[in-house]
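Engineer: Predicted model and sequence below, questions to follow.
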Amino acid sequence: MVIDRADNVCNLCEMKFSTKAYAISRADDESLRHKAWRFAESQKTHKALHLTLVTPFGASDNIYRFSVDNVVTADDLFRE
């Protein structure tokens, strides 16, 4: 999902389901970087691209955790 914001930022959202905190792998990291590059090239955009992970329980801390700029959890989506 792409959220094209008025402040010259695009959030490129990657949705992953897991029954616990999602562990971003090296393959995920490479895939996300490739998708961001491909998006920027195809859209000819100069906007800032923020990789956003949407997953029910967040992301676990590992060396690839900072591959994404933002993490959105189920609690974030259903907060009143």
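Structural biologist: Arrived safely, thanks for sending.
Engineer: Tell me if I'm right that S25 and Y64 touch.
Structural biologist: Yes - between S25 and Y64 a contact is recorded at 6.5 Å, counting by C-beta atoms under 8 Å. Bear in mind the C-beta positions are built from the backbone N, C-alpha and C, glycine included.
Engineer: okay, those two: which has more neighbours?
Structural biologist: Y64 (18 against 12; other C-beta atoms under 10 Å).
Engineer: Would you quantify the distance from the more buried one to E41?
Structural biologist: 23 Å (C-beta to C-beta, to the nearest Å).
Engineer: go on, E80?
Structural biologist: 40 Å.
Engineer: More neighbours: these two, which one.
Structural biologist: Using other C-beta under 10 Å, the more surrounded residue of E80 and E41 is E41, with 9 against 2.
Engineer: helix or strand for that one, which one?
Structural biologist: helix 26-43 (DSSP states H and E).
Engineer: Other residues contacting that helix?
Structural biologist: Under the contact criterion C-beta atoms under 8 Å, 6 or more residues apart in numbering, helix 26-43 has outside partners V2, C10, L12, E14, T45, L49, L51, Y64, S67, V68.
Engineer: Run the chain-centre distance for that helix.
Structural biologist: 11 Å (C-alpha atoms, centre = their mean, to the nearest Å).
Engineer: export it as CSV, just CAs?
Structural biologist: C-alpha atoms of helix 26-43 as CSV (Å, rounded to 0.1, in the frame of the first residue of the first chain):
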residue,chain,number,x,y,z
ARG,A,26,17.9,-10.3,5.3
ALA,A,27,15.6,-11.4,2.4
ASP,A,28,12.9,-9.0,3.7
ASP,A,29,15.5,-6.2,3.9
GLU,A,30,16.6,-6.7,0.3
SER,A,31,13.1,-7.0,-1.0
LEU,A,32,12.0,-3.8,0.8
ARG,A,33,15.0,-1.9,-0.5
HIS,A,34,14.3,-3.2,-4.1
LYS,A,35,10.6,-2.3,-3.9
ALA,A,36,11.5,1.3,-2.7
TRP,A,37,14.0,1.7,-5.5
ARG,A,38,11.6,0.3,-8.1
PHE,A,39,8.8,2.6,-6.9
ALA,A,40,11.0,5.7,-7.0
GLU,A,41,12.3,4.8,-10.5
SER,A,42,8.8,4.0,-12.0
GLN,A,43,7.1,7.0,-10.4
